[in-house]
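**Student:** Below are the sequence and a predicted model; questions follow.
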Amino acid sequence: MTNAPSLDKSELRTGRIIDQDTIVLLLELSAAAERDIPHTGIAIWQRFQDWKKLRLDYNGIDVTPIPGQSGSEPSFVIIGDTGKYTAVLGGSSVSGIIAEEDALAAANVIRTSVMAVGITGGVYRMKDPHTWEQLGNPLVTTNLEAVCEYPSGGFLVCGWEGLVAHYEGESVQRLESGTNVILTDIICDDGGEIFACGQRGIILRGAMGALRPLNLEGIIEDFWSITKFREDVYVSSITALYKLVDDEKLELVEFDGDGIPVSFYHLHACEDSLLLSVGQKDAVVYDGKDWTRIL
């Protein structure tokens, strides 16, 4: 593969697996960042193909696939920190505003829709590439950081002040989390087991109405992303990647060979095929056996 972006002149913000052969990375370009110019560098990795690059004129902070699309060109949505978005479908793109001047934090696929969350309880669903609808509820005005599907119906969010909530239809149920720190990410497996992570080394685990913080002795660093891959739970800070073992212990993930990653931040698993880890200077994938650097 050629035309790879240079991390000497940029840093990675985040990334997402679009399908088993496609990964989209969002970059911050040093020259633009030094002059406070809003921007996003987009680097598209496709197996056995050259890198493709795009650029946006706002700060993109998350990317997620658009479900139900077909064809050789990847389809995905990028959301920005000021409420802007860009939907890329089959080589063409549509840009607009999800919420005027509302800061967004994360996006995810919930069943057949793309959803985004942000400040003051903002919840939005993409109806089509041109239109988003607001799904927020007055019972939740806390800043939201992440959203995930709940398998038996609706979706879960997490955010500031230890917030975990379940949305289904027009109802919202706030769940007791046992903490008041900022929760940065949340996942739920097919069996309904929930995991969330956040500041000060917090990891929550449990079912609806029965979440509890794990007793992780000596862990005080902030966690930014959590995911489950082949029955194992992984969580990342900005300096390390851990695997949860024996329910109450974190084990550092070890890397072999050249180009060992030293930066971490965002994790994303594509079914049981690939696990992606993205840090400022590293993007690596794990197939269950080996770690491979893509950037």
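**Tutor:** That came through fine. Numbers count the residues shown, from 1 in each chain.

**Student:** where are the low-confidence patches of the chain?
**Tutor:** 1 (pLDDT under 70).

**Student:** can you pull out the helices in it?
**Tutor:** Counting by DSSP state H, the chain has these helices, from start to end: 30-34.

**Student:** in it, which strand has the most residues?
**Tutor:** Longest strand in the chain by number of residues (criterion: DSSP state E): strand 10-19.

**Student:** Please list the residues outside it that contact it.
**Tutor:** With contact meaning CB atoms under 8 Å, 6 or more residues apart in numbering, strand 10-19 is reached by 23-30, 40-41, 60-65, 74-76, 263, 265-266, 268-270, 274, 276, 278-283, 285, 295. No exception for glycine: its C-beta is placed from N, CA and C like everyone else's.

**Student:** buried subset of those residues?
**Tutor:** 23-29, 40-41, 60-65, 74-76, 263, 265-266, 268-270, 274, 276, 278-280, 282-283, 285, 295 (16 or more other CB atoms under 10 Å).

**Student:** How about the contacts made by residue 293?
**Tutor:** Residue 293 makes contact with 259, 261, 282, 283, 284 under the criterion CB under 8 Å, 6+ apart.

**Student:** possible to save those as JSON lines with distance to residue 95?
**Tutor:** What follows is the contacts of residue 293, written out as JSON lines (distance: CB to CB, whole Å):
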{"residue": "259", "distance to residue 95": "35"}
{"residue": "261", "distance to residue 95": "32"}
{"residue": "282", "distance to residue 95": "29"}
{"residue": "283", "distance to residue 95": "25"}
{"residue": "284", "distance to residue 95": "30"}
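
**Student:** For the residues you listed, work out which two are farthest apart.
**Tutor:** 259 and 283 (10.8 Å; CB to CB).

**Student:** Can you give me every residue that contacts residue 33?
**Tutor:** Residue 33 is in contact with residue 39, counting by CB under 8 Å, 6+ apart.
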